[in-house]
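**Student:** Have a look at this fold, sequence not included:
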């Protein structure tokens, strides 16, 4: 089955920056599962996955515009110092914050006795990323999954995933 809108997809991955540093990987973890066409992966990766089948292995490089976006200097927030513990307040530290659209991550830029300045850009914003992908499974999404917009049932069995990873 080829990946198209409303396909349930499982894949292993690694993400590298322009210098080849691995930023994230599914190694030692369950595969990433998502519902294709619902914006659950960055646009450039979703385009690269379209039409592929289980067993495909490929590498794709994605620009910031098709990935996590460009870094925006305007994406800064200033919050009251009392909203944070002393342990959280280390420049460069990632902290959870509540935004208008729910919980998110931010990076502490600076702080004083009254306020904390945060960078709310995604941690991978502005980076050109290279994805190494191994497609483990593709199936039609169930009615329930299409309605809810996320995967409910396994795409590949754990024994298949374990065997594939041993090859």
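**Tutor:** Received, thanks. Computed from a predicted model, the values in this text were never measured in an experiment.
**Student:** care to break this structure down by domain?
**Tutor:** With domains defined by automatic domain parsing, the chain comprises 7-68+125-166, 76-119.
**Student:** Now the longest one: average pLDDT?
**Tutor:** This means domain 7-68+125-166. Across domain 7-68+125-166, pLDDT averages out at 91.
**Student:** Surely residue 46 forms part of a helix?
**Tutor:** Yes: Residue 46: assigned to a helix according to DSSP: H, G, I helix; E, B strand; the rest coil.
**Student:** how near is it to residue 7?
**Tutor:** According to C-beta to C-beta, to the nearest Å, residue 46 stands 11 Å off from residue 7. (Glycine included, C-beta is placed from N, CA and C.)
**Student:** Can you check which residues contact both of these two?
**Tutor:** 36, 37 (C-beta atoms under 8 Å, 6 or more residues apart in numbering).
**Student:** looking at the domains of the chain, which is buried most?
**Tutor:** domain 7-68+125-166 (a mean of 16; mean count of other C-beta atoms under 10 Å).
**Student:** in the chain, which spans are strands?
**Tutor:** For the chain, applying DSSP state E gives strands covering 7-16, 22-25, 32-35, 57-62, 76-80, 94-99, 102-111, 115-119, 129-140.
**Student:** The first one pairs with which strands, and in what direction?
**Tutor:** With DSSP bridges as the criterion, the sheet partners recorded for strand 7-16 are strand 22-25 (antiparallel), strand 32-35 (antiparallel), strand 129-140 (antiparallel).
**Student:** among those, which is nearest residue 58?
**Tutor:** strand 129-140 (5.6 Å; C-beta to C-beta).
**Student:** between the closest one and strand 57-62, how many degrees?
**Tutor:** Strand 129-140 runs at 130 degrees relative to strand 57-62, counting by axes from the mean of the first three to the mean of the last three C-alpha atoms, to 10 degrees.
**Student:** ok, and what's touching strand 129-140?
**Tutor:** Outside strand 129-140, the residues that reach it (C-beta under 8 Å, 6+ apart) are 1-3, 6-18, 23, 31, 45, 48-49, 52-62, 67-68, 155-156, 160-161, 164.
**Student:** mind redoing it with 6 Å?
**Tutor:** 1, 3, 7-16, 31, 45, 52, 54, 56-62, 67, 155-156, 164 (C-beta atoms under 6 Å, 6 or more residues apart in numbering).
**Student:** what does stretch 145-155 give?
**Tutor:** 6, 8, 10, 33, 35, 38, 137, 139, 144.
**Student:** and what of stretch 50-66?
**Tutor:** Under C-beta under 6 Å, 6+ apart, the answer for stretch 50-66 is 2-3, 43-44, 48, 70, 126, 128-135, 137-138.
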